[in-house]
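# Predicted model follows, preceded by the sequence.
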Amino acid sequence: MTRSRFLATLLGILLPLVAGCAVSDSAPIKTREQAQPAPDLTLQSLDGQQVSLSQYKGSVVLVNFWATWCPSCKREIPALEAAYQANKDQGFVILGVDVGEPRQVVQTFATGMGISYVVLLDEQEKMLVRYGGLGLPMSVLVDREGIIRERHIGELSGTELKRFLERYLPDR
């Protein structure tokens, strides 16, 4: 691969990530998916276990792609944690997928932020690409049957998350 082709490829990967992290709170992008099955996701958790989305069939799962360097990602974590704590007994799961960072960096950050939901490592950024990632943070809501129902690019507010849960976790 030539150097210019390598740089073009690298920019093609990095620019959407940086641009997505810069999306303002007032302009998140959200589209409703039409009965699209969620791609299976299997990644290693911070404790070294292999975790798959398919393990959570029957639960409402929020797959949240993020990174420790992303300010919007950091700001949304308290709302995610609060929603998880309030709804985990009703079948709500959050899979926090860190994109492109080493385990120790993510572990230190997750501990410092008080994250209790499952944190997975997408060090090769394959799952972000597989889920159509256009930037960080990005959240994908998967219903109890494994169907993508919502996709939100940018910081997910507590209000927006509450609306998702009212729609897809009505027995809360």
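Alright, I've got the coordinates.
# make it CA atoms for all contacts and neighbour counts henceforth
Will do.
# In the protein, where is pLDDT below threshold?
Within the chain, the stretches with pLDDT under 70 are 1-35, 171-172.
# So which residue is dead centre in it?
N64 (1.4 Å; CA atoms, centre = their mean).
# What's opposite that one in the beta bridge?
Beta bridges link N64 to G96, S139, judged by DSSP bridges.
# Which residues lie in contact with it in this structure?
Neighbour list for N64: I94, L95, G96, V97, P137, M138, S139, V140 [criterion: CA atoms under 8 Å, 6 or more residues apart in numbering].
# Now do the strands in this structure.
For the chain, the strands defined by DSSP state E cover 29-37, 42-45, 50-52, 60-66, 92-99, 118-122, 138-142, 147-153.
# I'd like the ones you listed written out as a markdown table, with distance to Q85 added.
Listed next are the strands of the chain as a markdown table, based on distance: least, CA to CA, whole Å:
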| stretch | distance to Q85 |
| --- | --- |
| strand 29-37 | 24 |
| strand 42-45 | 19 |
| strand 50-52 | 20 |
| strand 60-66 | 13 |
| strand 92-99 | 9 |
| strand 118-122 | 12 |
| strand 138-142 | 17 |
| strand 147-153 | 21 |
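# So which of the ones you listed is nearest E160?
Each of the strands of the chain was scored for nearness to E160 using CA to CA, and the closest is strand 147-153 (9.4 Å).
# ok, back up a step: what is the most widely separated pair among the contacts of N64?
Farthest-apart pair in those is I94 and P137; separation 13.8 Å (CA to CA).
# Neighbour count for those two, which is higher?
Remark: of I94 and P137, P137 carries more neighbours, 30 against 22, as counted by other CA atoms under 10 Å.
# S59 and F92 touch, don't they?
Yes. Counting by CA atoms under 8 Å, S59 touches F92, with 5.8 Å between them.
# any shared contact partners between those two?
Common neighbours of S59 and F92 (CA under 8 Å, 6+ apart) do not exist.
# And L128, how close does it get to V99?
From L128 across to V99, the span is 7 Å (CA to CA, to the nearest Å).
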